[in-house]
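**Q** Sequence first, then the predicted structure, then my questions.
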Amino acid sequence: MSLNTDHIRVTHAGSLPRTPELIAANAAREADGITPEFLDLLETSVVDIVRRQKDLGIDIPNDGEYGHAMSNSVDYGAWWNYSFARLGGLEPTTVDRWADAEVHRSTPGNIVLTSFPDRRDRQKFNDAYNDPSSGILAHRKSVAQPKIAGPLTYTGQDLVASDVTNLKKGLQAAGLTEGFVASLSPGSCARVANDYYKTEEELVYACADAMREEYKAIIDAGLTVQLDDPSLAESWDQINPEPSLEDYLNFIQLRVEATNWALRDLPEEKIRLHVCWGSWHGPHTTDIPFADIIGSVLQINAGGYSFEAANVRHEHEWRVWEGTRLPEGKVIIPGVVSHATNVVEHPELVADRIERFARLVGRESVIASTDCGLGGRVHPQIAVAKLEALGEGARLATKRLWK
């Protein structure tokens, strides 16, 4: 990631709301496969969403993740589910990752990853999670999770080629030069049932080898790859009982090392890492503090680090940068607009949040972003208003920081 020169640049975390036509086409795609009509709609939709991002003040747009297949037309789940269509070695199951409590996986250090119903946050607020009126799982649909039944291979060459081609067409039409494509990290890829690999290390490195092909395809096309890796922070809540911090850091260290293996020889300036605590609308009182994992995050060989900094459970953690040195030449991409509320942030608040980080790491090293993807998490009309506030807040911050 390059440094800012004369203004605070703006991006976002990935997923953007899809049009009703595109959602319907994705539903048909699940039944009928990819058709020429779908490909035409996808291309025009990506070109349009890139143009709209530019109009909203986004300097570094993406394709909205429109090329990522949705599972059962679940928009917000595409960040993870899309990989199922791009990996060989998977076998379908009827296990629901949201509802089936039997989905557990043991890992080294006596750590046991649990399914969603067994999360500590879910157990602590069980009444709220089981009350449909709470809104916590208002968008939830049953999602069948596959299992690994053979050696993992990457089979998504045509799909990632479509992603990069459509985004480049959109950038050219909008007169922009920089864009990113989101891709699943090895650690998050490994969060699936496994009946093939004998050890956790074999599993995670197999994911690294398979997903590397996608990272390389994106970078070779001249674009930036964003590795989506909630596993570094979110897995803490999936371990029951709560582990020691030492055991947890050992657990994610394997994922850090496997990620760097997947990124070997790839240019850091074309890589950004996205870390979050899971984007569902829950209390999140069992999230691990950012300060506990920041050292692990910065070990990953990326040029930019995207993280949640706007939602009320993590906004205070801007202070972690008071005692953490950002490596020279790298950038942070803090969320200054949240996906977790329908309240639209005031541009003045957005500017204040940006300025906090700029005072600590330098104005050249802050790219303003959203906490997580907005697609499927807020209404499309609200998503647009949040992106408008993001762009306006960055302009206000720029005026103050470049006086």
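**A** That came through fine.
**Q** quick one: the helices in the protein?
**A** Assignment of helices within the chain using DSSP state H yields the ranges 20-32, 36-55, 78-81, 120-124, 126-129, 157-174, 186-189, 200-220, 231-234, 245-262, 290-299, 347-361, 380-401.
**Q** Give the buried residues for the first one.
**A** Using 16 or more other CB atoms under 10 Å as the test for burial, helix 20-32 gives 22, 25-26, 29. Backbone N, C-alpha and C define where each C-beta goes, glycine included.
**Q** Just say which of the helices of the chain is most tucked in.
**A** Among these, ranked by average contacts under mean count of other CB atoms under 10 Å, first place goes to helix 186-189 (a mean of 27).
**Q** Let me know the average pLDDT across that helix.
**A** For helix 186-189, the mean per-residue pLDDT is 95.
**Q** So which elements touch that helix?
**A** Helix 186-189 is packed against helix 200-220, helix 231-234, helix 245-262, with contacts defined by 3 or more CB pairs under 8 Å, 6 or more residues apart in numbering; DSSP states H and E.
**Q** Just send those helices back as TSV, with mean pLDDT and distance to residue 379 too.
**A** TSV is the format used below for those (pLDDT from 0 to 100; distance: least, CB to CB, whole Å):
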stretch	mean pLDDT	distance to residue 379
helix 200-220	97	30
helix 231-234	94	24
helix 245-262	96	34
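**Q** Out of the helices of the chain, which is closest to residue 111?
**A** Proximity to residue 111, assessed across those by CB to CB, is greatest for helix 245-262 (5.2 Å).
**Q** Give me the angle between that closest one and helix 200-220.
**A** 40 degrees (axes from the mean of the first three to the mean of the last three CA atoms, to 10 degrees).
**Q** show me where pLDDT drops low in the stretch 51-200 of the chain?
**A** For the stretch 51-200 of the chain, the stretches with pLDDT under 70 are 71-77, 96-110, 112, 114-117, 137-143.
**Q** State the distance from the closest residue to residue 357 other than its chain neighbours to residue 219.
**A** Spatial nearest neighbour of residue 357, excluding adjacent residues (CB to CB, 6 or more residues apart in numbering): residue 366 at 4.7 Å. Noted for residue 366: a distance of 23 Å to residue 219, by CB to CB, to the nearest Å.
**Q** same thing with residue 93?
**A** Taken as CB to CB, the span from residue 93 to residue 219 is 33 Å.
**Q** got it, and residue 82?
**A** Separation of residue 82 from residue 219 (CB to CB) stands at 18 Å.
**Q** And residue 300, by the same measure?
**A** To residue 219, residue 300 is 15 Å away according to CB to CB.
**Q** same check, this time on residue 241
**A** In terms of CB to CB, residue 241 sits 41 Å off from residue 219.
**Q** what's the first-to-last distance across stretch 175-189?
**A** By CA to CA, to the nearest Å, the extent of stretch 175-189 from end to end equals 34 Å.
**Q** Flag every buried residue along that stretch.
**A** Buried positions in stretch 175-189, judged by neighbour count with 16+ other CB under 10 Å: 176, 179-189.
**Q** ok, now which ones touch the closest residue to residue 170 other than its chain neighbours?
**A** Nearest residue to residue 170, sequence neighbours excluded (CB to CB, 6+ apart): residue 50, at 3.1 Å. For residue 50, the contact set (CB atoms under 8 Å, 6 or more residues apart in numbering) comprises 61, 63, 167, 170-171, 173-174, 176, 179.
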